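[1] Pasting the sequence and the predicted model now:
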Amino acid sequence: MKKTRGQGARADIEPRRLRRRHGATHPEVALMTVGETASTTGVTVRTLHHYDQIGLVCPAARSSAGYRLYAPEDVERLQQVVAYRRLGLGLEDIAAALDSSTGPEGDPSAEGAGRRRALERQRELVEEKITELSRLLAALDTALEKDMKDLDLTETEMRELFGDAYTERFEEYQAEARDRWGQTEAWAESQRRTAAYTQADWERISAETEENNRLILAAMDAGQPADSDQAMDAAEAARVHLDRWFFPVDGEFHRNLGDMYVQDPRFAKTYGDLRPGLSQYLRDAIHANADRLQG
C-alpha cells in the first residue's frame, strides 16, 4: 500500500511521543481542547487536525466524546513547529529537525541537549534569512535611488533585484514572447502598460511575485490538496497579479498559462527549483481555481 504524505513521519514520531507523554504527563496537568490550543498558538484548528493526521503534533489524549486534548509538552512542540514554519521549512524537514532534537526516553540531559540543537538550528536559519533580506533591502535602496534620479538599472543591479536566472534570460524571454504573442491583444496591452512603469512599479511587481510564490509554497508544504481553498486562493492571487500588471487574465486564460508551467521545461525548472513538484501542483491549483471561477 502506497504511503501518503507524512505517513513515514508518523511512524517515526507517534510511538515515541506517546510513550514520552504517558510517562511524563501528571494526571493533574490541565489539558487544552483543540480550540483552546488554536487560540493560544495562532494555529488554525484545521492545521492542528492535519498535524495530528501526519504525526507531527499529536494530542496527549482524547475526551470521552473523542475530542483532541493537548498537554503542555504538545503545545511546546507545536510552538517549535510554528517557529520552523516561519523560517520557511517544509513539514518533513521540520519533523526531521524535531526528531533529531529529542533524546532517549528518560534522559533529561540528552533531551536538554536536543532542545539546544533545535534552537541553534533555528538561530542559523534566522541568520540566513537576515542575510537574504539585507541583500534585498540594499538592492531596493539602490533601485529607489536610481528611480529618483531617473536612471536605468545596470545589469548588476537587475541581478540583485530580480535574480541571475531572470536577468540572464530577459532578452531571450522578450524575443520569444514577441514571436509567440506579438500579434495578440494581450501582448499589445502588456507592452502599453509596462512602458509606463517606473522602477518602483517593478519593485512592487517583484515583491508581489515573491509573495505569490510564498502562498502556493505554504499550501503545498502544509500538505493541502491542489483543489483546497488555500491552494486555489494562492492561484487566484497569481491570476489577479497578472491581470493587474500585464494584461486581462480570466480563469480560462490562466488555465492555459498553468499548462505552460508544466509543458515548458524552463517554467518547470523555475518552479522546481523552489520546490520539487511545484510546477505540477501550481498548474493543478490554477485549473481548480478556474473551475471555481466558472461556478
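    The structure has been received and is ready for your questions.
[2] Which stretches in the protein count as helices?
    Ranges of helices in the chain, per DSSP state H, are 7-24, 34-41, 45-53, 72-86, 91-100, 108-148, 155-162, 164-181, 185-195, 199-221, 229-245, 251-263, 265-274, 278-294.
[3] Show me what the fifth one is packed up against.
    What that stands for is helix 91-100. helix 7-24, helix 72-86, helix 108-148 (3 or more Cβ pairs under 8 Å, 6 or more residues apart in numbering; DSSP states H and E). C-betas here are computed from N, CA, C, even on glycine.
[4] run the last query once more with 10 Å
    With contacts defined as 3 or more Cβ pairs under 10 Å, 6 or more residues apart in numbering; DSSP states H and E, helix 91-100 has these neighbours: helix 7-24, helix 45-53, helix 72-86, helix 108-148, helix 199-221.
[5] per-stretch mean pLDDT over those helices, give me the minimum one.
    Taking the average pLDDT of each of the helices and strands packed on helix 91-100, the minimum falls on helix 7-24, with a mean of 37.
[6] Count the neighbours of the residue lying closest to Thr37 once chain neighbours are set aside for me.
    Sequence neighbours aside, Tyr70 is the residue nearest to Thr37 in space, at 4.5 Å (criterion: Cβ to Cβ, 6 or more residues apart in numbering). Using other Cβ atoms under 10 Å, Tyr70 is surrounded by 25 other residues.
[7] Identify the residues contacting Tyr70.
    Going by Cβ atoms under 10 Å, 6 or more residues apart in numbering, Tyr70 touches 31-34, 36-38, 40-41, 48, 52, 57-61, 77-78.
[8] Could I have the buried ones of those as ChimeraX selection syntax?
    Selection command for ChimeraX covering only the buried members of the contacts of Tyr70, criterion 16 or more other Cβ atoms under 10 Å:
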select :31,32,34,37,38,41,48,52,57,58,59,60,77,78
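[9] so Arg62 makes contact with Arg68?
    Yes. Counting by Cβ atoms under 10 Å, Arg62 does reach Arg68; the two are 6.1 Å apart.
[10] I'd like to know how far Gln80 sits from Ala218.
    Distance, Gln80 to Ala218, using Cβ to Cβ, to the nearest Å: 18 Å.
[11] right, I mislabeled it, should have said Tyr261
    For Tyr261 relative to Ala218 (Cβ to Cβ), the value is 18 Å.
[12] higher neighbour count, the two?
    Neighbour count, other Cβ under 10 Å: between Tyr261 and Ala218, Tyr261 has more, with 19 against 15.
[13] hang on, isn't that one packed against Phe267?
    Yes. Between Tyr261 and Phe267 there is a contact at 4.5 Å, judged by Cβ under 10 Å.
[14] joint contacts of these two?
    In contact with both Tyr261 and Phe267: Ser279, Leu282, Arg283, using Cβ under 10 Å, 6+ apart.
[15] buried set for stretch 243-260?
    Applying a neighbour-count criterion of 16+ other Cβ under 10 Å, one finds Trp245, Phe246, Phe247, Val249, Gly251, Phe253, His254, Arg255, Gly258 buried in stretch 243-260.
[16] Look up phi and psi at the third one.
    It stands for Phe247. Here is the backbone geometry of Phe247 (degrees, to the nearest 10): phi -160, psi 160.
[17] so it touches Ala188, yeah?
    Yes. With contact defined as Cβ under 10 Å, Phe247 counts as touching Ala188 (8.5 Å).
[18] ok so, going back, identify, from the shared contacts of Tyr261 and Phe267, the entry nearest to Arg192.
    Leu282 (27.6 Å; Cβ to Cβ).
[19] Kindly export stretch 69-89 (C-alpha atoms) in PDB.
    Extracted C-alpha coordinates of stretch 69-89, given in PDB (Å, rounded to 0.1, in the frame of the first residue of the first chain):
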ATOM      1  CA  LEU A  69      -6.800  17.200  24.200                       C
ATOM      2  CA  TYR A  70      -3.400  18.800  24.200                       C
ATOM      3  CA  ALA A  71      -0.800  18.700  27.100                       C
ATOM      4  CA  PRO A  72       1.800  21.400  27.800                       C
ATOM      5  CA  GLU A  73       4.500  19.400  26.000                       C
ATOM      6  CA  ASP A  74       2.300  19.200  22.900                       C
ATOM      7  CA  VAL A  75       1.900  22.900  22.900                       C
ATOM      8  CA  GLU A  76       5.700  23.300  23.300                       C
ATOM      9  CA  ARG A  77       6.300  21.000  20.300                       C
ATOM     10  CA  LEU A  78       3.600  22.900  18.300                       C
ATOM     11  CA  GLN A  79       5.400  26.200  19.000                       C
ATOM     12  CA  GLN A  80       8.600  24.800  17.700                       C
ATOM     13  CA  VAL A  81       6.800  23.800  14.500                       C
ATOM     14  CA  VAL A  82       5.400  27.300  14.200                       C
ATOM     15  CA  ALA A  83       8.900  28.700  14.600                       C
ATOM     16  CA  TYR A  84      10.300  26.500  11.900                       C
ATOM     17  CA  ARG A  85       7.400  27.200   9.500                       C
ATOM     18  CA  ARG A  86       8.000  30.900   9.800                       C
ATOM     19  CA  LEU A  87      11.600  30.200   8.600                       C
ATOM     20  CA  GLY A  88      10.200  28.500   5.500                       C
ATOM     21  CA  LEU A  89      10.900  24.900   6.400                       C
END
